[in-house]
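1. pasting the structure only:
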């Protein structure tokens, strides 16, 4: 979010930390949007981020590039899927349970 989560040094620090995690397969960059504003209005609650601008394409690309500079696969996500086929901009996803079977209740076990 412009003015909230776009600080270059903070993003660089986060990217360095994430790059050190062995189970992270990709980083999804989800640009801030105001699609939830009508829900606030319908509930009679002021939307606290009404004056927050949506990020420019250049800002999202810069953030994505910062993660890629640390060797991470970073994608700009629009809607519910990555934009395009090739890497393109913040949710970190990975699989800490890869190669493990799941127990009832969702906990993983080895073996």
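-> Arrived safely, thanks for sending. Please read all numbers here as calculations on a predicted model, not as lab measurements.
2. by mean pLDDT, point me to the weakest helix or strand of the chain.
-> One helix or strand of the chain scores below all others by mean pLDDT, DSSP states H and E: strand 101-102, with a mean of 42.
3. could you give me the average pLDDT of stretch 72-82?
-> Taken as a whole, stretch 72-82 has a mean pLDDT of 75.
4. surely residue 66 and residue 7 touch.
-> No. Assessed by Cβ atoms under 8 Å, residue 66 is found out of contact with residue 7, at 10.7 Å. For the C-beta atoms, the positions are set from N, CA and C on the backbone; glycine is no exception.
5. so for the two, which sits in the more crowded spot?
-> residue 66 (20 against 11; other Cβ atoms under 10 Å).
6. in what helix or strand does that one lie?
-> Per DSSP states H and E: residue 66 is located in helix 57-68.
7. what packs against the next helix or strand after that helix?
-> Next along the chain after helix 57-68, taking DSSP H and E as the criterion, comes strand 74-78. Packing partners of strand 74-78 (3 or more Cβ pairs under 8 Å, 6 or more residues apart in numbering; DSSP states H and E): strand 24-29, helix 57-68.
8. so which of the ones you listed gets nearest residue 1?
-> Among those, the nearest to residue 1 by Cβ to Cβ is helix 57-68 (9.8 Å).
9. show me which positions of that closest one end up buried.
-> By neighbour count on 16 or more other Cβ atoms under 10 Å, the buried set for helix 57-68 is 59, 60, 61, 63, 64, 66, 67, 68.
10. measure the closest residue to the first one other than its chain neighbours to residue 49 for me?
-> In space, residue 59 comes closest to residue 6 once its chain neighbours are excluded; the distance is 6.0 Å by Cβ to Cβ, 6 or more residues apart in numbering. Residue 6 sits 14 Å away from residue 49, going by Cβ to Cβ, to the nearest Å.
11. kindly report the same for residue 77.
-> Distance, residue 77 to residue 49, by Cβ to Cβ: 19 Å.
12. tell me which of those two has more neighbours.
-> Using other Cβ under 10 Å, the more surrounded residue of residue 77 and residue 49 is residue 77, with 18 against 14.
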